[in-house]
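**Q** I'd like to go over a predicted model; first the sequence, then the structure.
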Amino acid sequence: MTTATEDSGGVVGRALAGAALAGMVVGLGEAAIVIVERHLGLDPGLIFFALLFYGGIAAAIGLGMGIVLSFVTRSGATAFGLSGGVILAALVTIIGRFRVFRDVFNETFDGAALSPKMFQVASLGAAVLLLVLGFLLWRALARRVPALASPLTVIGGLVLALVASRAGMALHTPDAPAPTRVAAGATAPPKAPNVILIVVDTLRADHLSCYGAKKNQTPIIDGLAVDGTRFSHAYSQASWTRPSFGTIFTSLYPSSHRAIHKADALPDAVVTLAEVMQGAGYATVGFANNINVAPLFGFQQGFDQYTFLEPEFFFGATEAAAQLTVYNTLRLVRERFVSQTKYVENYYQPADVVSKHGLDWLAARDAKRPFFMFLHYMEPHDPYFVHPYNGEAYARVANPNPDPALADKYRDAYDGAIRYLDGELAKLFAELKAKGLYDDALIVLTADHGEEFHEHGGWWHGTTLYDEQLAVPLLVKPPRGGATGVVNDAVVSSLDIAPTIIQTAGVAVPPAMVGKPLGLAAGAPAPRDHSFAESELEGNNLQAYRSGGMKVIHANPGNPRGLPDHQLFDVASDPGEQKDLITTKTEVANKLTADMTAVQSHAESVAVESTGTSIDAASEERLRALGYVH
């Protein structure tokens, strides 16, 4: 006579239960990691989707395993143990590999003590160990607590947990991030202007007609340039969103503010533009449109109100749930193999939604207080939507390495998104004028980085530091009475945006900020004679430095993108960076490299987590020559 756990008829059900229980445990475990990493507090939505994704998928896999196991064993305890062990081993190994490679090795084994082969062997060994331990533990549970191995118990528990967490989602209101404390009695300087900072994600300068684009006409953005100063040579400090925005908000290099890698948040220790404005008596409000700059990653610092305009995440997930490994895996499968029609709201909120949030806030604001407003538009970031919207779009997640023959098609869609944005900015500026706010406001428009369309053998952004990814628009419309129609040809950078805003507002620029306030009159002096950029993404560790019309780029050996270790370009005569001079102008490359090393060393020495990294004498001397050391 067999016991309840030795019933061959229950093998399928117990395999399902073992897998579902393992999936629930792993899901709750990763949810706990996300909560701790992002300081979320208890998030019912995250719990719900962790249980749903992991528990539900594992249950389906367990059902299939149970059918197979029913032909090879009569032991329900064995089926419970095997299915639980397999799910534990598989999920923990997948999550562990992903997080270790991303967060520990920063997506590269360059300079790591562990080689790729050793990493694979270690992963396999960990999976086998987890399988054995999971099997033994789950089988012991089935034998000692038979009720726990019942499919009714496990699935019923999963359903109850889902119902409870879903109810919690309906009742839960996430705590708003605590704003930076305003100095007691702080009042804005006399005649302090209102300030609007507009950052357009992934906008190349050379795709605007005011920057020379012939095919793509952007009359509204051009009009903003006519109303103020257009900086014709503005460069970002990074080629992807988080480190670039970190620089825009802090006037620090990525090496200093440390929001460099995919798992990094902007540290509390930095002084942000919004904190300075808030401390000076400004009302501060921001509408972010990319999860990279959501409160999840610390970019709300200094804002009275900072709203991440969440997309409609796939599968009904929440922002926190979108951090789960299984969500990103399911999203990848959906986008690459299933989805045909694209809806913009699944990726980001369109420009009209961003503008409406800003205008609604303006309608309800305290008019006695000057305001600093940050508006973040995602057009023309991929997916490149065809306009008017018809469901057609081209996305990196769906086609990470397109055929070069598609470059013109993708570029046309990208340009169409820019023209759509230009039209929406027309509506925004018209409303500002109707409210009497446009003329007296300081309005800054820039981008975090550009985009590549196979100019250097690749696509998208973040993996090179060529100018198609670094050259960004920078337009500054001063308050009424300021200079108009100015074109400034000096080398400027994203570092200079925050100090320019702060000084124009009549506030002292914090000494920690590296950038310089930009002159907005004709003939204004250049803030420096060089620009430095850096990026660490997907295993590509890159640095670039330009000065005197020359530019040097360094990449880590064996980088995944396949970039040369060192390159040198005469960007004054070869703006497309097509003729590498590294072998013919060695002295120039060495001089630029030494200057670049000095700048980066200084940035690292004042990093927010740093206690003061030492700098060698040669680097200190170069920093003195470059104006960093006095």
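**A** Great, that's in hand.
**Q** tell me the mean pLDDT for stretch 312-326?
**A** For stretch 312-326, the mean pLDDT works out to 86.
**Q** which outside residues touch it?
**A** 27, 30-31, 34-35, 38, 40, 43, 45-46, 48-50, 53-54, 57, 91, 94-95, 98-99, 169, 291, 294, 296, 308, 310, 327-328, 330-331, 334, 343, 345-346 (C-beta atoms under 8 Å, 6 or more residues apart in numbering). Every residue, glycine included, has its C-beta placed from N, CA and C.
**Q** stretch 215-223 too?
**A** 207-210, 415, 418-419, 422-423, 425-426, 429, 445, 473, 475.
**Q** can you select the buried ones from these in ChimeraX?
**A** In ChimeraX, a selection of the buried entries from these looks like this (16 or more other C-beta atoms under 10 Å):
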select :207,208,209,210,415,418,419,422,425,429,445,473,475
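**Q** quick one: which of the contacts of stretch 215-223 sit in strands?
**A** Under the assignment DSSP state E, the contacts of stretch 215-223 contribute 445, 475 to strands.
**Q** can you pull out the strands in the stretch 251-400 of the chain?
**A** Applying DSSP state E, counting those that start in this stretch to the stretch 251-400 of the chain gives strands spanning 283-288, 305-308, 371-377, 384-385, 393-394.
**Q** domain assignment for the protein?
**A** Domain segmentation of the chain under automatic domain parsing yields 4-171, 195-311+347-521+529-605.
**Q** confidence score at the residue positioned nearest the centre of the chain?
**A** The geometric centre of the chain, computed from its C-alpha atoms, lies nearest to residue 292 (C-alpha atoms, centre = their mean), at 2.8 Å. pLDDT for residue 292: 93.
**Q** so what's it up against?
**A** 240-242, 245.
**Q** tell me the two of these that are most distant?
**A** 240 and 245 (9.6 Å; C-beta to C-beta).
**Q** name the nearest residue to residue 581, ignoring sequence neighbours.
**A** Closest residue to residue 581 apart from its sequence neighbours, by C-beta to C-beta, 6 or more residues apart in numbering: residue 568 at 4.6 Å.
**Q** what residues does the helix or strand in which that neighbour is found touch?
**A** Assessed by DSSP states H and E, residue 568 sits inside strand 566-570. Strand 566-570 has contacts (C-beta under 8 Å, 6+ apart) with 549-555, 577, 579-582, 585, 588-589, 592-593.
**Q** return the distance of the helix or strand following it from the chain's centre.
**A** Per DSSP H and E, the first helix or strand lying C-terminal to strand 566-570 is helix 586-605. Mean C-alpha position of helix 586-605 versus that of the full chain (C-alpha atoms, centre = their mean, to the nearest Å) differs by 27 Å.
**Q** and helix 586-605, what does it pack onto?
**A** Helices and strands touching helix 586-605, by 3 or more C-beta pairs under 8 Å, 6 or more residues apart in numbering; DSSP states H and E, are helix 254-257, strand 530-537, strand 540-547, strand 550-555, strand 566-570, helix 617-626.
**Q** what pairs with the second one, parallel or antiparallel?
**A** By that I understand strand 530-537. Here strand 530-537 is paired, per DSSP bridges, with strand 540-547 (antiparallel).
**Q** what residues sit buried inside the partner strand?
**A** For strand 540-547, by 16+ other C-beta under 10 Å, it's 540-547.
**Q** now swap in stretch 508-528 and tell me
**A** The neighbour-count check on stretch 508-528 (16+ other C-beta under 10 Å) flags 509-510, 513-520, 524, 527-528 as buried.
**Q** what's the angle between the strand holding residue 568 and strand 550-555?
**A** 160 degrees (axes from the mean of the first three to the mean of the last three C-alpha atoms, to 10 degrees).
**Q** burial count for the residue nearest to residue 592 when sequence neighbours are not counted?
**A** Excluding its sequence neighbours, the residue lying closest to residue 592 (C-beta to C-beta, 6+ apart) is residue 552, at 4.1 Å. Neighbouring residues of residue 552 were enumerated by other C-beta atoms under 10 Å; the total is 25.
**Q** and residue 129, by the same measure?
**A** 12.
**Q** now the one 10 residues further on
**A** Look at residue 139: counted by other C-beta under 10 Å, it has 23 neighbours.
**Q** what about it, which helix or strand?
**A** Following DSSP H and E, one finds residue 139 within helix 116-144.
**Q** state the mean pLDDT of stretch 457-477.
**A** The pLDDT scores in stretch 457-477 average 97.
**Q** re earlier: residue 240 and residue 245 - which one has more neighbours?
**A** residue 245 (28 against 23).
**Q** what's the closest non-adjacent residue to the more buried one?
**A** Spatially, and ignoring its direct neighbours in sequence, residue 245 is nearest to residue 293 (4.9 Å; C-beta to C-beta, 6+ apart).
**Q** what do you get for residue 10?
**A** Excluding the flanking residues, the one nearest residue 10 by C-beta to C-beta, 6+ apart is residue 76, at 4.5 Å.
**Q** what about residue 214, neighbour count?
**A** With other C-beta under 10 Å as criterion, residue 214 counts 6.
**Q** same thing with residue 322?
**A** 20.
**Q** now swap in residue 355 and tell me
**A** Residue 355: 21 neighbours (other C-beta under 10 Å).
**Q** next up, the contacts around it.
**A** The neighbours of residue 355, taking C-beta under 8 Å, 6+ apart as the test, are 375, 424-425, 427-428, 431.
**Q** distance of residue 262 from residue 241?
**A** With distances taken as C-beta to C-beta, to the nearest Å, residue 262 is found 11 Å from residue 241.
**Q** these two: who's more crowded?
**A** residue 241 (23 against 15).
**Q** kindly provide the distance from that one to residue 291.
**A** 9 Å.
**Q** which neighbours do these two share?
**A** Shared contacts of residue 241 and residue 291, defined by C-beta under 8 Å, 6+ apart, are absent.
**Q** pull out the buried residues from stretch 384-398.
**A** Across stretch 384-398, burial judged by 16+ other C-beta under 10 Å covers 384-387, 393-396, 398.
**Q** now do the same end-to-end measure for it.
**A** Distance between the two ends of stretch 384-398: 12 Å, counting by C-alpha to C-alpha, to the nearest Å.
**Q** ok, and what's touching that stretch?
**A** So stretch 384-398 is contacted by 331-332, 335-336, 339-344, 347, 379, 382-383, 402, 406, 409-410, 413-414, 416-417, 419-420, 459-460 (C-beta under 8 Å, 6+ apart).
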